[in-house]
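A.B. asks: Would you be able to build a 3D model of this:
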Amino acid sequence: MKKNITFSLTVFWILATRVYDAYCTFQYTPDLTLEANPLVSLFGLNWTPLLIIISILCIYSIYAYYLAFFKHFNLYPTEKDYSFSNFIGYIYTGKKQSWISILYKLPKDINRFNHYMGHLMTRCLVFAGVVSTFMWLLLNYVPYYKNIHSATTIYLILVIGSVFICYNWFLKLYKDYTS
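C.D. replies: I've put the predicted structure just below:
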C-alpha cells in the first residue's frame, strides 16, 4: 500500500508541477517570446508542439517510473571489482565501460533503458518541479525577485541539481554493489 501511495504522490507532483509551469508560462508570455525553454528559444516551437513534446516526455517518465518502481530489473554487474566509473557505465549500458559512455551511447536493452530512466528521469523531474514551482511563486509574489531572476541561473540550478541527484543515486548503488 505504501508503494502505491509513494508512486501516486510522485506522479501527481510531476503532473501538477508541469501543468503549473505551463499555466504560469502562458500567463507570463502567451506568445512564448520570453520563453527560455530551448525547444522554443532555439527551435522556435509554439505552444502545440511544445505541449505535445512535454506531454510525451511526462507520459514516458511515468511509464518508466512504473517499471522501475514495481517491476524488478537487475541493473548490477555480476562480476565484482568494477571501478566506480565502470560501474556507472555498466548500470547504463549493461557493459563494462567508462561513465562517459552515458553521454554518447544508448543501451541495447530497452528494459535496461526504461529502468534506468525510471529511476533517474523521475527524480530529476521531481527536482525540476520544485525549482520551477519556487521560481514561479517568487516571480508572481516577490517583486524584488523579478530584478534578479535569470533563466541562466535557473538552468544552472537544474543541471547542477540533476547531476548531483544522478551522482548520489550511482554512489548509493555502488556502495550496495561493493558491500
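
A.B. asks: buried sites along the helix or strand of the chain with the lowest mean pLDDT?
C.D. replies: Least confident helix or strand, the chain: helix 38-41 with a mean of 91, by mean pLDDT, DSSP states H and E. Neighbour-count burial for helix 38-41, with 16 or more other CB atoms under 10 Å as criterion, is recorded at V40. Quick note: C-beta positions are derived from backbone N, CA and C, even for glycine.

A.B. asks: Contacts for it next, please.
C.D. replies: Taking contacts as CB atoms under 8 Å, 6 or more residues apart in numbering, the residues outside helix 38-41 that touch it are 32, 35, 45-46, 49-50, 53.

A.B. asks: Out of these, which comes closest to T6?
C.D. replies: Nearest to T6 among the contacts of helix 38-41: I53, at 27.2 Å, using CB to CB.

A.B. asks: ok, that closest one - contacts?
C.D. replies: Contacts of I53 (CB under 8 Å, 6+ apart): 39, 45.

A.B. asks: how close does it sit to R18?
C.D. replies: According to CB to CB, to the nearest Å, I53 stands 12 Å off from R18.

A.B. asks: mind checking the backbone torsions on the spatially closest residue to F113 that is not a sequence neighbour?
C.D. replies: The shortest distance from F113 to any non-neighbouring residue, by CB to CB, 6 or more residues apart in numbering, is to P107 (4.6 Å). In terms of degrees, to the nearest 10, the main-chain angles of P107 are phi -60, psi 150.
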